[in-house]
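Novice: Okay, predicted coordinates and the sequence, questions at the end:
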Amino acid sequence: MKFSVTVGAVGDGRDPRGLAELARAVEDSGWDALFLEDYLVYQGDASLPTYDPWICLAAMAVATERIRIGTTVTPLPRRRPWKVAAEAVALDHLSDGRMVLGVGIGDPGDPFLEEKSPKVLAEMLDEGLELIDRLWSGEPVSFTGKHYRLEDVQLTARPVQEPRIPVWVGGNMLVPAVRRRILRWGGSCAYKGSTDAPQQITPDDVRGLLDDGAREVKVSGGEPAAFAAAGAAWWGRWIAPMGVEETLAIIRQGPPSL
């Protein structure tokens with residue numbers, strides 16, 4: 001099992017330059033990845049400055065050599081899928097094949113999420129993922145969906161990773177559509193339960209996803225050794241916005257022992 005840190009690109013020391021330095025500390029301290037939450041206004045709260053996470057990922061990529069980088073998660077319906085496809089490929093090249101794309105429908109409190117209906121957001125997420133996957137092939141793409149339409153367009157730059165950049169699906173794993181999406185794309189960084197009533201993911205939940213066909217499951221909380229025994233690929237630690245030295249003190253402790 002591998003170990004990751006997740007932070008928001010928000011507040012002191014979490015601008016592009018600060019996150020490049022933080023990524024070096026993550027790598028030097030023995031962690032395997034640094035992932036960013038994808039907000040333009042962090043959790044809808046403008047009291048702290050939020051920095052574009054995709055620009056921060058570029059800074060992190062050139063500052064490191066080993067750790068994976070990526071988003072957990074990008075609210076894909078807030079973005080144009082073809083722009084995300086192109087940016088993810090560029091980051092995969094900049095990092096020499098270390099990019100992970102985590103996706104979800106987005107938070108209801110996101111002021112830049114134009115659509116608010118969960119049903120419509122889910123439709124946009126599914127169509128967006130299908131478009132990104134096709135565009136990553138480097139072949140001409142024609143697509144007619146409910147929300148997106150493309151006619152004979154092509155992105156010739158392809159990802160470094162084969163068969164494609166890993167796609168991890170976020171959201172509530174108890175929702176059937178989220179579980180279907182995890183099995184379709186292979187990766188999970190999902191949580192369990194609603195945001196009002198969260199539940200701890202269990203080793204049995206991990207076994208269930210893997211038995212159903214998921215290839216890579218990331219969890220947080222609980223006992224890492226039990227999740228490793230269940231087959232989880234990743235255990236992650238989220239660090240809330242806080243001072244630079246406080247953040248570094250947590251990171252320098254290194255990942256947990258199994």
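Specialist: Everything's here; your move.

Novice: surely Gln43 meets Gly106?
Specialist: No - using CB atoms under 8 Å, Gln43 makes no contact with Gly106, being 11.8 Å away. Backbone N, C-alpha and C define where each C-beta goes, glycine included.

Novice: Please say which of the two ends up with more neighbours.
Specialist: Gly106 (27 against 14; other CB atoms under 10 Å).

Novice: ok, that one touching Leu113?
Specialist: Yes - proximity of Gly106 to Leu113 meets the contact threshold set by CB under 8 Å, at 4.6 Å.

Novice: which neighbours do these two share?
Specialist: The overlap between the contact sets of Gly106 and Leu113 (CB atoms under 8 Å, 6 or more residues apart in numbering) consists of Pro75, Pro77, Arg78, Leu121.

Novice: Max pairwise distance over these: which two?
Specialist: Maximum pairwise distance in the shared contacts of Gly106 and Leu113, criterion CB to CB, is 9.2 Å, between Arg78 and Leu121.

Novice: Overlap of the contact sets of these two?
Specialist: Counting by CB under 8 Å, 6+ apart, the common neighbours of Arg78 and Leu121 are Gly106, Leu113.

Novice: For Gly243, grab the count of nearby residues.
Specialist: Gly243 has 11 nearby residues by other CB under 10 Å.

Novice: try Pro108
Specialist: Around Pro108 there are 11 other residues, counting by other CB under 10 Å.

Novice: Helix or strand for it, just tell me which one.
Specialist: Pro108 belongs to no helix or strand when assigned by DSSP states H and E.

Novice: Please verify my assumption that it contacts Ser117.
Specialist: No - in this structure, Pro108 is not within contact of Ser117 by CB under 8 Å, at 10.2 Å.

Novice: continuing past the biggest helix by length in the chain, what's the next helix or strand?
Specialist: Across the chain, the helix with the greatest residue count (assigned by DSSP state H) is helix 118-135. Under the assignment DSSP H and E, the closest C-terminal helix or strand after helix 118-135 is strand 141-144.

Novice: Please enumerate residues in contact with that next one?
Specialist: Glu127, Glu130, Leu131, Arg134, Leu135, Arg149, Leu150, Glu151, Asp152, Val153, Gln154.

Novice: OK, contacts around the second one?
Specialist: Glu130 sits next to Phe143, Gly145 when contact means CB under 8 Å, 6+ apart.

Novice: which helices and strands does the lowest-mean-pLDDT helix or strand in the chain pack with?
Specialist: The weakest-scoring helix or strand in the chain, judged by mean pLDDT, DSSP states H and E, is strand 198-199 (a mean of 92). Secondary-structure packing of strand 198-199 (3 or more CB pairs under 8 Å, 6 or more residues apart in numbering; DSSP states H and E): strand 192-193.
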